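Give the three-dimensional model of this entry:
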Amino acid sequence: METTQETYAWAGERAELLAGVVAAVRAAGDHLSRRQSDQPLAARTRAEAMAAFAALDGPVSALLRERLSALRPEAGWVTDELDTELPRSGEWWLCDATDGAVQYLLGLPHWAVTATLLRDGEAVLAVVHAPTLGHTFSAVRGAGARLNGRPIRPSERALSAAVVAQGQPPSAAGDPAALRRFGASLPLVMGAALAVRNLGPAALQLAQVGSGHLDAFWEYGLDAANLLPGALVAAEAGALVTDPSGAPWTPSATGFLAAAAGRHAELVELLAPVG
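The predicted structure follows:
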C-alpha cells in the first residue's frame, strides 16, 4: 500500500511523466508509420511473417526502452508483453511497440504503440497511441482519461444500438475452455447488439470503449499484458471493468468485460449462461 507521502509525491510528478511517455510512444509511432507499406506483407509462411515482425519490432522496442528508462530509471522492464504472469511488486514498464502487428504487416490501420507503468501489479499510467487514426489515449490512475488531451467518457447508446468489440487473446489458442466460452458467447452478443466487431488490438479497442467510439468489449482467456493499458483508460474514463460475471477484474482472470454502467449489467446477464 502507498503511504500518504508517496501518494502526494506521485501526484506531483505524474504530469511530467505522462508528457514524457506520450512523447516516447509518439516517437515510436512515427518511426513505424514511416515504414508501414500500403501493401500487405508478401510472407507466405508463419516463419517468414515472424522474421518480418522481428526486423520491424526490434529497433522500435529499443527506442521505447531507451526513452522510458530515462524517464523512470528505477523501474524494471517486462521483456515479453505476451507473458501471462506479470511482476506483482515494484515498478515495471510494460510496453508493446507494435500492438496489432498482424494488421500493421497487412497494411491495415488498426494497430498501436502502448506503454504502461505497473506499480505492485497494477497499472498506474498508460498511453495507447494509434498513429494512423491520429488518436493518443492516456490515463493516470485516479486522474481520469483523455484522447488527444481532452477528457473522454463512454457512450450512452442502448445495447440494441451498440457496437460491441471482442478480443481473441493468444493464450486462447491453447485453452479449450476459453474457446468454448467465446463460441458460446458470440451468438448471444450478436443477437442483442447492433454489431460485433474485432478491430485490432485489445488495448486500442478498450481505449475506444472509454472514448465512446465503441460501446463495450469482452473476451475469454488469460490476456493481462494486452488488457492492462486499455483497461486503465476505460476505467478512468468511467467504464465498468470486470470479468464477464461482473466480479472485479484482476490480471489472473480468465475473462474480461468493459462497458458503460448502463450496458454493463445487461451484458453480465447476457453472458451468464456461458459460465
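
quick one: the helices in the chain?
Under the criterion DSSP state H, the chain contains helices at 4-35, 46-71, 101-105, 176-192, 202-211, 224-237, 261-271.

any idea how far the residue lying closest to Ala178 once chain neighbours are set aside is from Pro176?
Leaving aside its sequence neighbours, Ala178 sits nearest to Gly221 (C-beta to C-beta, 6 or more residues apart in numbering; 3.7 Å). The C-beta positions use only the backbone N, C-alpha and C, and glycine is treated the same way. Counting by C-beta to C-beta, to the nearest Å, the gap from Gly221 to Pro176 is 11 Å.

In terms of pLDDT, where does the closest residue to Pro59 other than its chain neighbours sit?
In space, and not counting its chain neighbours, Pro59 is closest to His31: 7.5 Å by C-beta to C-beta, 6+ apart. Looking at His31, its pLDDT reads 95.

wait, doesn't His31 sit right on Ser61?
No: using C-beta atoms under 8 Å, His31 is not in contact with Ser61, being 10.6 Å away.

who's more crowded, those two?
Using other C-beta atoms under 10 Å as the criterion, His31 and Ser61 rank with Ser61 on top: 20 against 17.

How about the more buried one: what's its closest non-neighbour residue?
Using C-beta to C-beta, 6+ apart, the closest residue to Ser61 is Ala97 (4.3 Å).

The one you found contacts Ala112, correct?
No: using C-beta under 8 Å, Ala97 makes no contact with Ala112, being 9.8 Å away.

These two - which one has more neighbours?
Each of Ala97 and Ala112 has its neighbours counted (other C-beta under 10 Å); Ala112 has more, 32 against 25.

Now for that one: which residues touch it?
29, 96, 99-100, 128-131, 200-201, 203-204 (C-beta atoms under 8 Å, 6 or more residues apart in numbering).

How about Glu122?
By C-beta under 8 Å, 6+ apart, the neighbours of Glu122 are Arg141.

Could you report the pLDDT at it?
Looking at Glu122, its pLDDT reads 95.

again with Glu91
So, for Glu91, pLDDT stands at 96.

Tell me, how many residues neighbour the closest residue to it other than its chain neighbours?
Nearest non-adjacent residue to Glu91, counting by C-beta to C-beta, 6+ apart: Ala75, 4.1 Å away. Using other C-beta under 10 Å, Ala75 has 17 neighbouring residues.

Surely Ala75 is in contact with Trp92?
Yes: with contact defined as C-beta under 8 Å, Ala75 reaches Trp92; the gap is 5.9 Å.
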